[in-house]
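Chemist: quick one: sequence and predicted model below, then my questions.
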Amino acid sequence: MLRYAGYTLIIGVVFAWLSAIMVIPALLKFLASRRILLLPSALILLFFTGCRSEPFTWPEFPPLPPETSKEDMLKTWSAGQPSEFIVEAGIVLEYRGRCFSSLCMARVNSAERKIDVVGMNPAGAKIFEASGIGGKTKSFSIMPILPEEIDTSKAGDAILADIGNIYFDLVPSGNSIIGKPDNNRLAMTAHSTDSSRLEYLFAGNPPRLIRKNFYCKNSIGWQVSFFEFIEADGKLIPKNIVYDNFKYGYRLIVRTRTAIIVNNEGFHQ
């Protein structure tokens with residue numbers, strides 16, 4: 001049974017980086033094997049909320065510009081993207097009809113692909129802290145300390161991967177293929193060499209990113225929907241976000257409370 005406790009945690013971490021869902025599945029199986037009650041310290045991680053399948057709605061977008069080249073559109077959109085920023089967000093995870101809430105503060109550097117993140121329970125107590133760069137975890141810690149039988153070695157990787165899926169690669173590459181406008185939406189597709197691709201969907205005038213889809217061998221792995229942006233120091237930071245992981249069947253709803261631009265001159269809200 002203990003062998004599956006660690007496995008349960010890793011699966012849980014892959015489909016969620018919130019503190020509750022990251023710890024509880026493994027602890028439930030671990031503790032059930034000993035026929036004892038769930039620890040109070042684990043119980044305080046859970047914070048149930050009402051679930052909503054569609055928490056946000058898109059605004060009414062103006063028609064796409066009649067004539068806009070791919071180069072001009074990418075140049076305009078790219079100019080509004082910050083290279084580094086800090087966000088404070090409330091996050092709700094939906095999984096199998098249950099919801100879990102958490103708080104998060106993250107510093108994201110898209111130029112260096114670097115992430116520093118702290119996760120807290122609704123009471124404000126720190127649950128985990130992770131830091132990584134270039135897709136590799138540099139440090140990871142979690143509270144409360146779990147039994148040694150539960151492997152947390154991949155937890156940091158999963159947490160940082162989800163954050164990167166949301167905040168990295170918001171600008172299509174220059175060799176992206178642009179499609180024809182459909183229902184006042186414009187799609188651009190960036191192909192990779194490993195049979196995967198990123199599909200971007202733009203709307204409005206000037207066009208803004210409203211959705212990002214990741215496909216692997218024609219099967220969608222995850223999707224990020226951007227319903228609103230915060231403008232800070234002339235840059236745009238995603239505000240209301242829904243992240244769907246179709247492979248593992250969970251959803252993250254991100255409500256950004258504050259956003260701060262980081263540049264050579266310091267911080268700007």
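Modeler: Perfect, thanks for sending it.
Chemist: where does this protein have its least confident helix or strand?
Modeler: For the chain, counting by mean pLDDT, DSSP states H and E, helix 40-43 ranks last in confidence among helices and strands (a mean of 35).
Chemist: next helix or strand past that one?
Modeler: Using DSSP states H and E, the helix or strand that follows helix 40-43 towards the C-terminus is helix 70-79.
Chemist: ok, the helix or strand that that following helix is followed by: who's next to it in the sheet?
Modeler: With elements assigned by DSSP H and E, the helix or strand that comes after helix 70-79 is strand 84-95. Using DSSP bridges, the strands paired with strand 84-95 are strand 98-109 (antiparallel), strand 250-263 (antiparallel).
Chemist: and the ones you listed: which comes nearest Asp162?
Modeler: Comparing these by their distance to Asp162 (C-beta to C-beta), the top pick is strand 250-263, with 7.0 Å. C-beta coordinates here come from the backbone N, C-alpha and C atoms, glycine included.
Chemist: give me the buried positions along stretch 59-79.
Modeler: Leu64, Thr68, Met73, Leu74, Trp77 (16 or more other C-beta atoms under 10 Å).
Chemist: same question for stretch 160-175.
Modeler: Buried residues in stretch 160-175, counting neighbours by 16+ other C-beta under 10 Å, are found at 160-172.
Chemist: would you turn those residues into a markdown table with pLDDT?
Modeler: Conversion of the buried residues of stretch 160-175 to a markdown table gives the following (pLDDT from 0 to 100):
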| residue | pLDDT |
| --- | --- |
| Leu160 | 89 |
| Ala161 | 90 |
| Asp162 | 91 |
| Ile163 | 93 |
| Gly164 | 95 |
| Asn165 | 96 |
| Ile166 | 97 |
| Tyr167 | 97 |
| Phe168 | 97 |
| Asp169 | 96 |
| Leu170 | 97 |
| Val171 | 96 |
| Pro172 | 94 |
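Chemist: and the two most separated of these?
Modeler: Maximum pairwise distance among the buried residues of stretch 160-175 (C-beta to C-beta): 22.4 Å, between Leu160 and Pro172.
Chemist: sorry, back to before: so which of the buried residues of stretch 160-175 sit within strands?
Modeler: Among those, none falls in strands (DSSP state E).
Chemist: which residue is the nearest non-sequential neighbour of Ile241?
Modeler: Val254 (4.0 Å; C-beta to C-beta, 6 or more residues apart in numbering).
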